[in-house]
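Chemist: model this:
(chains A and B)
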Protein chains: 2
Amino acid sequence: MSERFSRRDFLASTTLATAAVLTVPGHAKSILTEAKTEPFSDWKMKPVMDFSKSPYAKLRQVPVGAVTISGYWASRRKTNVESSIPSMREELADHGRMTNFERLQSRSKEPQKGPVYSDSDIYKWTEAVAYTLQSESRPELKKVADEQIREVVAIQEPNGYLNTYYVEDRKPLRMQQHTQEVGHELYCMGHYLQGAIAYYRATGDPTMLNAGIRFVDDFLLPNYGPGANQKPIVSGHPEIEMSLIELYRTTGNRKYVDLAGYILHGDKRWTIKPNAIVYMYCGIPFPERTKLEGHAVRCMYACCGATDYYLETGDPAYWKTLEALWQDLASHQLYVTGGVGARAEGEAFGDAYELPNARAYGESCAAIGNMMWNARMLAATGEARFADVMERALYNGINSGMSLDGKLYCYRNPLAFEPATGDVIRNPWYDTTCCPPNIERTFSSLPGYFYSTSKDGIYVHLYDTSEMNWHLEDGTGLKISQKTEYPWKGDVSMTVSPAKSQEFTVYLRIPGWSAGNSVRVNGKTVDGAKAGEYLAIRRKWSTGDRIELAMDMTPRLLKANAAVMEDVGKTAMQRGPIVFCMEGLDQAEENHGLNMANLRLDLKGETKVRFEPETLGGVTVLEHPGSFVAGAPDLYRTASPGPGEKNGTMLKLIPYYAWANRKPSPMQVWIPYTEA
Amino acid sequence: MSERFSRRDFLASTTLATAAVLTVPGHAKSILTEAKTEPFSDWKMKPVMDFSKSPYAKLRQVPVGAVTISGYWASRRKTNVESSIPSMREELADHGRMTNFERLQSRSKEPQKGPVYSDSDIYKWTEAVAYTLQSESRPELKKVADEQIREVVAIQEPNGYLNTYYVEDRKPLRMQQHTQEVGHELYCMGHYLQGAIAYYRATGDPTMLNAGIRFVDDFLLPNYGPGANQKPIVSGHPEIEMSLIELYRTTGNRKYVDLAGYILHGDKRWTIKPNAIVYMYCGIPFPERTKLEGHAVRCMYACCGATDYYLETGDPAYWKTLEALWQDLASHQLYVTGGVGARAEGEAFGDAYELPNARAYGESCAAIGNMMWNARMLAATGEARFADVMERALYNGINSGMSLDGKLYCYRNPLAFEPATGDVIRNPWYDTTCCPPNIERTFSSLPGYFYSTSKDGIYVHLYDTSEMNWHLEDGTGLKISQKTEYPWKGDVSMTVSPAKSQEFTVYLRIPGWSAGNSVRVNGKTVDGAKAGEYLAIRRKWSTGDRIELAMDMTPRLLKANAAVMEDVGKTAMQRGPIVFCMEGLDQAEENHGLNMANLRLDLKGETKVRFEPETLGGVTVLEHPGSFVAGAPDLYRTASPGPGEKNGTMLKLIPYYAWANRKPSPMQVWIPYTEA
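Modeler: You can find the predicted model right below:
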């Protein structure tokens, strides 16, 4: 137990730390005056979120390193590690994100570069590298990351503070109320801690982690908090909450949970403007929230932190609120792509059912936040509705955020597009470059979301050709291999190989979109598969037992709730987890035109499904009958009842995530339909 | 000719002033050191825009004072003058808009109040009073306005500067580039000049006008302009341009046209950011514009100024641009209500066909700017398409901006509304209170938009029970009376009474929405009436000649262009000039619900038309068959081809302008329809 932890007396911390602080290699040593010589006991093979000691988690994630993917996601992940991560590192360097650190060591004369939250991009990139290193050996990436970590920790001040923006002339602004509200100091530290924890779990190197602990222990806790001698905290952009709880899960020091709880509760000593309380999604007790609102990423990250807090404390007020917010998400706020946050103005949630298409904001980070939140809700309950949202976001609204070559990123993810607007949705760089490294860390951590263990067995959440090599919670070794052409085909063949024959339950996720399903074990049908639930298969499993799952890949025409006024008279197509869209360049030449406005999809037509290996890296495309309805140029005209002149045509649809990977072209997810 | 004008040597001013500056009553005299003793020769009975000497105006407006309205608009105008104008004066005073002036005379210790453009609200209010005084005697209003004008001119500085914001500590910021871009100094002066000119034309009192001339002549022109010794001008929020040209029309001093032209052209000595050039709609030569974009009010006011400039100069590059911009308006950017400016973000025009309903911005000021611009385009051409847009905006998107009691105002004018959002659209006060006095000046100036003269006769633009007492351009006296129940009925009975029998042309506007029309003169049918054109009736007119016009008031179901993706599957209803909407509280009780989303209008049904004298101050309502379609609560569901379960119902619609005058209720202009 570290003396440094035990001397702190924050709130009613009853669970004391069991971790120690490790020696720090290289020149950073000098500033870590209290560094100890022992490592945390068990850094290897830890999950993305380590629920192993979380009393209110029903499920526990299987680590990234325990799952090897070789199917659909393997190529996206290869692009991620070989193209995105290295090119983003160059972009970050080219835009001065590292000279910010070098300047403070007097090794650069460049001025401070980038917005107030620029440090966080470095940390998210580090986290992406960390998960990569949990999967595979990439010495060249590790070398860059190690060097970068040395640059980062070298600027830590003796009091523990670490930030490249609130320095020099801006130092007096540190942690002032206004700075806390808009300055992202704790947001940056939250991403720092997430990166540091992931890197520690990847390499055992605590250099970055220890400096983060010093920030929290030496700078933050002694000066900020609920005590009479402490100044208030408002997180401004929620992020620190979930990272503090993961820090507890890493160190065992309960005070970090308590600090997160204090932040989630808000501090009444500071008056925060009502619109800031909405926008920031913090500043009042989390359980007083009744709906998703304000800045979508802030809101999603706050929900992540609140769910983490629930997983550790079981506070029923938190759960009640989280369930109500999730119902708001699923009933009013979720794009069919899994994106969230309708409005560009304030990058915010809109009103209930406000889901514009061309003007959709749907920030990549918000879709990621949505997946992160649902992963936590899934851990709390084992309910498949949360995995359905995760999968919807992952394959569509997150997957769309990175180009097929891995070098262009979406900040916005609109559901309709018209090139004449002049907008360019995929770009190599954004001055606010939160999304690109966020997508990178998500893809690199993806194996960690495939499986969970429970007391009685194992949950299968996601399907792809892959090998899991892990163990049941009683320690029995367990391998599971999946063979499938998912998401293009609905058949998954799995072998379940426990180290010894043993009775336990395999929970197979039956996706909510799969209307008809068949499950066989060793050739024998298992009844009871229901869409949107886990099928519990309890039996004595022996090495090589075979599960065959067949999901329903019939293309589905979707309608939105009538209250989504933007989608009245329109349909969207989904097949399996993949949401499709129509790009203008795929349509018959005579049908091209602004917004493809005159194309109609015939609701009664039959869809043809075809895999095209040469298209967009190999995708399944859909062809569906439709028509071209000649329209008048007038903005408004008298409606003539009955259909106008129509010419039959075939509409071709591609996976939404792959849009805008060819030349600029109009795009629509929601397509006007005719019933006749 | 004033020596003050002739000594100025600005650009190539060839037309020299014929006006003089008048003595100024009361204590303001002391500051007008060069005041002369002669009035401008002819202040009485001038139009809102005085095109009498504009070489490129085909039409010349008939003055406000020459037309007395006693029909539909009489009650709105009575509310305006008896409720809105007095209550707004109180609101302005309560919010410190006059203490801003008193402080600078050391008669108030209040700090500066309100945003940077607060002075303009006072000037727009003065303009509203001025048009009222052109219509009728309102000594109590005149007294308040006279006092207010004395307060205003009293703060003019010896160098001519007049503004309550850029004083004291802010004085060094005056007319700096950044201040010109965002500080509204010239915007305020533009509104000042419009108010001053209207007040002069109402009363002959040049107090306010002379101080405005001093601002331009003594402060602005010597220091700012294209000369090597002058600093650049960028208007920031266009408004000064049209007011300078009206100042020319008032004084005859051509230099004001030249200054407006210089401002419209932009000054390359200053580099302005591209997004500011879009947002401000100034800073580059106006003829380089290709579309409506940026802040909608700025854009509309710029178009007004540019059209005024064309009317005085005939510059063909301006006309070509104005025509292209108008096509952009009519084809891509015009709400069915006549509102413009789709986006809340930047209060801006959206992309082509981007016309959201619930999220429509449709600022009242932008609809007014749209009407002001079209009135100028109409003067240039005599083409009815411009009058159609004026009428659409006037009866709907402007008319909606003031509550029936005249005390609440819309800033936004959405085309759909849901009270659960918590939005309150009608409010008594906005800290940016540009819209309320703008609506007030529009309603009070309205008689000035009814008629124009041309070389060969008279144009009738708007219909309402009214009396015109004016003259043809050859000086022959002419009275026209209209009797009608327009806009509720389509019959107009007019008598045309020239002072002596004479041949001339009466141009009757046949609205674009009126499919079938009948025109009779003294009982005899006149052929040739076409929707969207003026019917030219040339004959020898004698006192008491009678025109009977019957327009087509069949309720019309409208569809929007297929490219307006928000309106796919929806219809709007219009009857005569009135656009209708559906409010939840008028519908059968069982159909109430969020957004009235499950109500469908039957496209083939027959509309019942009924005047309800007790409803909303007396309006025509529509009843149309529709249905209630039971919907699932899911956000997304599999589309089942064919109609769902429907229960027939009747939908009731009220005029859009009268929405939100009862208890909060959902509202829709565009209503989902069924064809079966």
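Chemist: separation between the residue nearest to A:Arg174 when sequence neighbours are not counted and chain B?
Modeler: Nearest residue to A:Arg174, sequence neighbours excluded (Cβ to Cβ, 6 or more residues apart in numbering or on different chains): A:Tyr166, at 4.6 Å. In short, each C-beta sits where N, CA and C put it, glycine included. Noted for A:Tyr166: a distance of 26 Å to chain B, by Cβ to the nearest Cβ, to the nearest Å.
Chemist: next: A:Lys530.
Modeler: In this structure, A:Lys530 lies at 16 Å from chain B, with Cβ to the nearest Cβ as the measure.
Chemist: please identify the helix or strand for that residue.
Modeler: With elements delineated by DSSP states H and E, A:Lys530 resides in a region that no helix or strand encompasses.
Chemist: for the closest residue to it other than its chain neighbours, what are its contacts?
Modeler: The shortest distance from A:Lys530 to any non-neighbouring residue, by Cβ to Cβ, 6+ apart, is to A:Ile510 (6.0 Å). For A:Ile510, the contact set (Cβ atoms under 8 Å, 6 or more residues apart in numbering or on different chains) comprises A:Ala384, A:Asn517, A:Ala529, A:Lys530, A:Ala531, A:Gly532, A:Glu533, A:Tyr534, A:Leu535, A:Met551.
Chemist: so A:Phe611 touches A:Thr620, yeah?
Modeler: Yes: under the criterion of Cβ atoms under 8 Å, A:Phe611 lies in contact with A:Thr620, with a separation of 4.9 Å.
Chemist: what touches both of the two?
Modeler: Among the neighbours of A:Phe611, those also in contact with A:Thr620 (Cβ under 8 Å, 6+ apart) are A:Trp488.
Chemist: tell me which of those two has more neighbours.
Modeler: With neighbours defined as other Cβ atoms under 10 Å in any protein chain shown, A:Phe611 and A:Thr620 compare such that A:Thr620 has more, 22 against 12.
Chemist: what's that one sitting at in phi/psi?
Modeler: A:Thr620 adopts backbone torsions of phi -80, psi 130, taken as degrees, to the nearest 10.
Chemist: that one contacts A:Ile578, correct?
Modeler: Yes: look at A:Thr620 against A:Ile578 with Cβ under 8 Å: they come within range, at 7.3 Å.
Chemist: what sits in contact with each of the two?
Modeler: With Cβ under 8 Å, 6+ apart, A:Thr620 and A:Ile578 have common neighbours A:Pro655.
Chemist: can you list contacts of stretch A:84-98?
Modeler: Contacts with stretch A:84-98, where a contact means Cβ under 8 Å, 6+ apart, come from A:110, A:113-114, A:118-119, A:121-122, A:125, A:128-129, A:132, A:141, A:144, A:148, A:151, A:402, A:406-407, A:428-429, A:431, A:433, A:436-437, A:439-440, A:443-444.
Chemist: tell me how far that stretch lies from the chain's centre.
Modeler: From the chain centre to the centre of stretch A:84-98 is a distance of 21 Å (Cα atoms, centre = their mean, to the nearest Å).
Chemist: mean confidence score for that stretch?
Modeler: What stretch A:84-98 shows for mean pLDDT is 97.
Chemist: tell me how chain A divides into domains.
Modeler: Domains of chain A are assigned by automatic domain parsing as A:3-449, A:451-550, A:556-674.
Chemist: quick one: mean pLDDT for the shortest one?
Modeler: In this case it means domain A:451-550. So the average pLDDT for domain A:451-550 ends up being 98.
Chemist: again, but for stretch A:213-221
Modeler: Rounded mean pLDDT across stretch A:213-221 is 98.
Chemist: what do you get for stretch A:387-400?
Modeler: The average pLDDT for stretch A:387-400 rounds to 98.
Chemist: can you check stretch A:628-635 too?
Modeler: For stretch A:628-635, the per-residue pLDDT values average out at 83.
Chemist: can I get that stretch as PDB, trimmed to CA atoms?
Modeler: Extracted C-alpha coordinates of stretch A:628-635, given in PDB (Å, rounded to 0.1, in the frame of the first residue of the first chain):
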ATOM      1  CA  PHE A 628     -37.600   8.500 -61.200                       C
ATOM      2  CA  VAL A 629     -40.400  11.000 -60.800                       C
ATOM      3  CA  ALA A 630     -40.100  14.000 -63.000                       C
ATOM      4  CA  GLY A 631     -40.500  17.100 -60.900                       C
ATOM      5  CA  ALA A 632     -41.300  20.700 -61.600                       C
ATOM      6  CA  PRO A 633     -38.600  23.200 -60.800                       C
ATOM      7  CA  ASP A 634     -41.000  25.300 -58.700                       C
ATOM      8  CA  LEU A 635     -40.200  25.600 -55.000                       C
END
